[in-house]
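K.L.:
what follows is a predicted structure for the sequence shown.
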Amino acid sequence: MANKLLDVQKLKSGYGKLEVLRGVSMHVDPGEIVVIIGPNGAGKSTLVKSIFALNDIYSGSINYKHKNVTKLPTHERIEMGIGYVPQGRQVFPTLTVRENLEMGGYLTNEKDLLKKRMEEVFKHFPILQERLNQLGGTLSGGQQQMLAIGRSLMQDPQLLLLDEPSLGLSPKAMKEVFQKVLDIRKEGCSFLIVEQNAKQAVKLADRIYVLEEGKVGLHGDKKILKNPKIKKIYLGGHGHD
């Protein structure tokens with residue numbers, strides 16, 4: 001177990017005085033796809049935001065590559081290899097695909113390295129190369145999600161946090177995005193994915209955490225889906241967190 005890439009222990013976090021996570025412990029090993037599911041308001045998005053330093057942490061710890069990053073600002077976490085794709089495909093609508101990707105590589109000053117990383121992105125998402133000069137806002141939902149992931153890949157992350165990647169996508173686009181996640185994982189990237197669409201996301205997962213009211217309710221591999229409690233509560237509809 002010493003091999004953990006990300007190790008979250010007894011995390012309490014939230015927004016101002018609103019505590020959302022009430023002592024969450026979880027981890028991601030190198031090369032793993034870990035999926036977080038749970039009902040609306042369980043704290044799923046808050047967990048990934050905490051790992052990316054986007055909210056208030058009251059207690060507990062976040063360790064990444066055996067370093068305590070609990071108090072580090074977002075940009076330092078990016079430099080260490082943590083990437084984040086927020087929910088709602090937040091691409092820059094008035095910038096071209098190329099400019100969106102260049103924004104993702106803003107911490108990289110070397111032109112050659114930027115070019116190499118962009119080629120890597122095109123290898124995973126050839127459609128982005130075809131649409132290079134198209135404005136981000138004119139892409140389809142699935143293509144925008146690919147652009148958002150591609151932009152994050154420009155930093156060459158070793159851990160990618162995806163918040164509700166299937167939100168608002170057609171079933172076909174969702175399948176395509178999830179297939180890309182599997183392809184990117186082969187290159188050595190680990191994933192922590194928050195998903196409302198439990199059925200689809202769990203197909204990808206090596207391990208699953210079920211959050212309930214800011215705590216881990218259940219944890220295990222795909223078999224936990226057979227748990228009657230899960231069937232009843234989580235394999236239903238969509239929503240926000």
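P.N.:
Received it, and whenever you're ready, just let me know what you need.
K.L.:
leaving out chain neighbours, which residue sits closest to Phe191?
P.N.:
Using CB to CB, 6 or more residues apart in numbering and skipping residues adjacent in sequence, the residue nearest Phe191 is Ile33, 4.5 Å away. For the C-beta atoms, the positions are set from N, CA and C on the backbone; glycine is no exception.
K.L.:
relative to Tyr15, how far out is the one you found?
P.N.:
Distance from Ile33 to Tyr15, counting by CB to CB, to the nearest Å: 28 Å.
K.L.:
between those two, which has more neighbouring residues?
P.N.:
Remark: of Ile33 and Tyr15, Ile33 carries more neighbours, 23 against 12, as counted by other CB atoms under 10 Å.
K.L.:
quick one: that one from Glu176, how far?
P.N.:
In this view, Ile33 and Glu176 are 16 Å apart by CB to CB.
K.L.:
quick one: the strands in this protein?
P.N.:
Applying DSSP state E to the chain gives strands spanning 6-15, 18-28, 33-37, 56-64, 67-68, 82-85, 159-163, 190-194, 207-212, 215-220.
K.L.:
same list (these) but as JSON lines, adding mean pLDDT and distance to Gln143.
P.N.:
Output for those, formatted as JSON lines (pLDDT from 0 to 100; distance: least, CB to CB, whole Å):
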{"stretch": "strand 6-15", "mean pLDDT": "98", "distance to Gln143": "29"}
{"stretch": "strand 18-28", "mean pLDDT": "97", "distance to Gln143": "27"}
{"stretch": "strand 33-37", "mean pLDDT": "95", "distance to Gln143": "22"}
{"stretch": "strand 56-64", "mean pLDDT": "98", "distance to Gln143": "30"}
{"stretch": "strand 67-68", "mean pLDDT": "97", "distance to Gln143": "36"}
{"stretch": "strand 82-85", "mean pLDDT": "96", "distance to Gln143": "14"}
{"stretch": "strand 159-163", "mean pLDDT": "97", "distance to Gln143": "16"}
{"stretch": "strand 190-194", "mean pLDDT": "97", "distance to Gln143": "19"}
{"stretch": "strand 207-212", "mean pLDDT": "93", "distance to Gln143": "28"}
{"stretch": "strand 215-220", "mean pLDDT": "92", "distance to Gln143": "34"}
